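Asks: just need the structure, nothing else, for what follows:
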Amino acid sequence: MRYHLDTIPLWEAFELNGACPLCALRSKTEHMLVDRFLGASVMEPDTRISVNVSGFCARHHKMLYAKENRLGHALMLQSRMDSVREQVEKTFDLAENGKSRALFRRDGDNGASAALKMAQMHDSCVLCESLDETMARYAYTLLHLFKSDGKFRDTFKRSKGLCLKDVPLVLGMAGHVLSGKALGDFVSVLREKTLETLDKNKQDIDWFTLKHDYRNADEPWKDSRDAPMRAVNYLRGWSLGDDPWPK
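Replies: Numbering: from 1, shown residues only. Next comes the predicted model:
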């Protein structure tokens, strides 16, 4: 897949100097997509078709609902439910009439039981798919800038690195974008940043737990007061605390 470069948002994310620039971009993009799906695109045929096919995950339904555009949300639910009903009825017809014994076997031709086929209807999310595509573009841009822009390379080296959700995203793409010395330099820097941040979070978690021992009651907290929150955000990507992208 070919990606176009999107350098300005990436620079803005690094200038925030937060825990993970890609987490900041993911949050910004996610909110933009929610607004887009509830905006004029609600009435666009392509949007309605993609929503009918994939629907939304529970997290993104929650975000859509929180925007309080009940009509926009309802319009997408209306056609999605028609699509789901058709799929559900078809699956039950096959199961009830015994037309496909594979529906009751995990080792059937389609590799799914009837229950699993229905469960798979809820595994997709059109907003997640759009978000993943955008984050892949940002990962590509990060690697391209590391290779071609000395100022960005220095900025990356001074940053706090990436969370463990985004390290594999970028690392998995690195071999397709970089080669030779550039690839080796990037992997080396990413390794150093990742282990450095992981060790710092572990150190703070250790002290956080020790501070709950009465013998350390009078000792300073150091950097450990928010250590559990930071550790979760580092291990899983931002999910706790203030939004990493300022609104």
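Asks: what pLDDT, on average, does the helix or strand harbouring residue 207 get?
Replies: If you go by DSSP states H and E, residue 207 is part of helix 180-210. Averaged across helix 180-210, the pLDDT comes to 96.
Asks: buried residues in that helix?
Replies: Using 16 or more other CB atoms under 10 Å as the burial criterion, the residues of helix 180-210 that qualify are 182-183, 186, 189-190, 193-194, 197-198, 201, 204, 207-208. (C-beta placed from N, C-alpha, C; glycine too.)
Asks: including distance to residue 230, could those residues go into a markdown table?
Replies: Below are those laid out as a markdown table (distance: CB to CB, whole Å):
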| residue | distance to residue 230 |
| --- | --- |
| 182 | 31 |
| 183 | 30 |
| 186 | 25 |
| 189 | 21 |
| 190 | 19 |
| 193 | 15 |
| 194 | 15 |
| 197 | 9 |
| 198 | 11 |
| 201 | 6 |
| 204 | 7 |
| 207 | 12 |
| 208 | 10 |
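Asks: okay, now the unreliable bits of this protein?
Replies: Low-confidence segments of the chain (pLDDT under 70): 1-4, 97-114.
Asks: go again with 80.
Replies: Across the chain, residues meeting the criterion (pLDDT under 80) sit at 1-5, 40-45, 91, 93-122, 247.
Asks: quick one: contacts for residue 189?
Replies: Residue 189 makes contact with 156-157 under the criterion CB atoms under 8 Å, 6 or more residues apart in numbering.
Asks: what's the answer for residue 37, then?
Replies: 47, 51, 64, 72, 76, 126-127 are the contacts of residue 37 under CB under 8 Å, 6+ apart.
Asks: 10 Å instead?
Replies: 47, 50-51, 56, 60, 63-64, 67, 69, 72-73, 76, 126-127, 130 (CB atoms under 10 Å, 6 or more residues apart in numbering).
Asks: can you select the buried ones from the residues you listed in ChimeraX?
Replies: Of those, the buried ones go into a single ChimeraX selection, burial set by 16+ other CB under 10 Å:
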select :47,50,51,56,60,63,64,69,72,73,76,126,127,130
